[in-house]
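>>> no sequence for this one, just the structure:
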């Protein structure tokens, strides 16, 4: 067990009362890495508290006042995540991953514009994105899906995109490369699309398909 069971990292958002200093962020990150290194062999949890601060701990918290952001035996990256790396202001530009997307899309014969459009809608190009349902990373890959494709580090952009592309390849073959069905299945699951013989009558999924198709057209035109 750890000498300290948890560490809270306050939000790095500057305020008038407490000016932000770059050295403070560096110290926070260093503490995070040291703490996580000491937790080798244990599950490491990163939670977001109600006040916006982040908590790193080796013990799961069962209450309604926290949001689980990450659970992993991998210590690397936990300190950055706890230091508010999920802040929308730190999201990458849309072109940062283009070469990686293109390489994997070509390798697995998946449409580049489709991959990038889904990434845009799923995470806004934030490699540390995490949903309340447990989806992680750029392509918001579920742990079971990642395991299916042999992906272990879902915060690694190359690994996360590879899992997303392989899943899109699987869905494309299942639904005859019909983009609207592939997109719907990526959001709601293939069983929901098969059961409804088309896009499920879920408002979330229908809006999702519209958004992804919009960005797909935009990225196709740009490329």
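Right, received. Where do you want to start? No experiment lies behind these values; they were computed from the predicted model shown.
>>> Contacts for stretch 172-183 next, please.
If you take CB atoms under 8 Å, 6 or more residues apart in numbering as the criterion, stretch 172-183 is touched by 110-111, 114, 118, 168, 171, 185, 190, 193, 198-199, 208-209, 212-213, 216. For glycine as for every other residue, the C-beta is placed from the backbone atoms N, C-alpha and C.
>>> Show me the shaky parts of the chain.
Applying pLDDT under 70 to the chain picks out residues 1-41, 48-56, 62-66, 69-70, 74-92.
>>> mind listing the strands in it by residue range?
Applying DSSP state E to the chain gives strands spanning 6-9, 44-49, 54-57, 66-72.
>>> Please report the distance of residue 163 from residue 209.
According to CB to CB, to the nearest Å, residue 163 and residue 209 sit 21 Å apart.
>>> And for residue 73?
Here the criterion is CB to CB. By it, residue 73 lies 36 Å from residue 209.
>>> Could I get the buried residue list for the lengthiest helix in the chain?
Looking across the chain with DSSP state H, the single longest helix is helix 203-222. By neighbour count with 16 or more other CB atoms under 10 Å, helix 203-222 contains the buried residues 205, 208, 209, 211, 212, 213, 215, 216, 219.
>>> Same check on stretch 157-175?
For stretch 157-175, by 16+ other CB under 10 Å, it's 157, 159-172, 175.
>>> what does stretch 185-198 give?
185, 186, 187, 188, 190, 192, 193.
>>> Of all pairs in the contacts of stretch 172-183, which one is the farthest apart?
110 and 198 (21.6 Å; CB to CB).
>>> who's in contact with residue 219?
112, 113, 116, 117, 120.
>>> got JSON lines for the residues you listed, with distance to residue 100 too?
JSON lines is the format used below for the contacts of residue 219 (distance: CB to CB, whole Å):
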{"residue": "112", "distance to residue 100": "11"}
{"residue": "113", "distance to residue 100": "15"}
{"residue": "116", "distance to residue 100": "10"}
{"residue": "117", "distance to residue 100": "15"}
{"residue": "120", "distance to residue 100": "15"}
